[in-house]
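**Q** let me see the structure of the following:
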Amino acid sequence: MGISQPQNLKNPPVEKLRPYGIRVSLPAGDPFRRLLGPEWQRLHWYATPHERDAALAEMSRRHEYSRSGDKPALIFQKIEKLAESRGL
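**A** Numbering: from 1, shown residues only. Next up, the predicted model:
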């Protein structure tokens with residue numbers, strides 16, 4: 001008989017390593033810093049550099065519904081967990 005609710009497992013399944021990431025933050029002087037705080041950032045992790053680069057291209061592209069003068073107000077940085085990516 002299988003487990004009806006997998007979230008009730010005592011030991012959650014082991015996730016694959018995701019050492020390649022993107023840090024999303026706000027530039028200095030951005031008005032949203034008052035709402036989110038000066039140290040706000042969001043991290044997104046991926047298993048391969050190709051997945052990360054594809055996600056970065058999608059995140060940083062100009063959205064088709066943007067107005068003609070709009071510019072992205074987010075800073076995107078590639079990051080890496082060296083120990084995981086190098087297998088140390």
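
**Q** can we go C-alpha only for contacts and neighbour counts from here?
**A** Noted.

**Q** list the buried residues of the longest helix anywhere in the chain.
**A** Ranked by residue count, the top helix of the chain under DSSP state H comes out as helix 49-60. Buried residues in helix 49-60, defined by neighbour count with 16 or more other C-alpha atoms under 10 Å: 49, 52-53, 55-56.

**Q** next: stretch 23-32.
**A** Buried positions in stretch 23-32, judged by neighbour count with 16+ other C-alpha under 10 Å: 23-26.

**Q** neighbouring contacts of the following helix or strand past the longest helix of the chain?
**A** Where DSSP states H and E defines the elements, the next helix or strand beyond helix 49-60 is strand 75-80. If you take C-alpha atoms under 8 Å, 6 or more residues apart in numbering as the criterion, strand 75-80 is touched by 19-27, 56, 60.

**Q** which pair of these spans the longest distance?
**A** Within these, 19 and 27 form the most distant pair, 24.8 Å apart (C-alpha to C-alpha).

**Q** distance check, residue 26 against residue 57.
**A** When distance is defined by C-alpha to C-alpha, to the nearest Å, residue 26 is 18 Å away from residue 57.

**Q** what of residue 19?
**A** 18 Å.

**Q** likewise for residue 44?
**A** Taking C-alpha to C-alpha, one finds residue 44 at 13 Å from residue 57.

**Q** likewise for residue 86?
**A** Where residue 57 is concerned, residue 86 sits at a distance of 24 Å (C-alpha to C-alpha).

**Q** the residue nearest the centre of the chain: what's it in contact with?
**A** Centroid-nearest residue in the chain, with C-alpha atoms, centre = their mean: residue 44, separated by 1.8 Å. By C-alpha under 8 Å, 6+ apart, the residues touching residue 44 are 21-23.

**Q** what about the contacts of strand 75-80, which are in strands?
**A** Residues of those located in strands (DSSP state E): 20-25.
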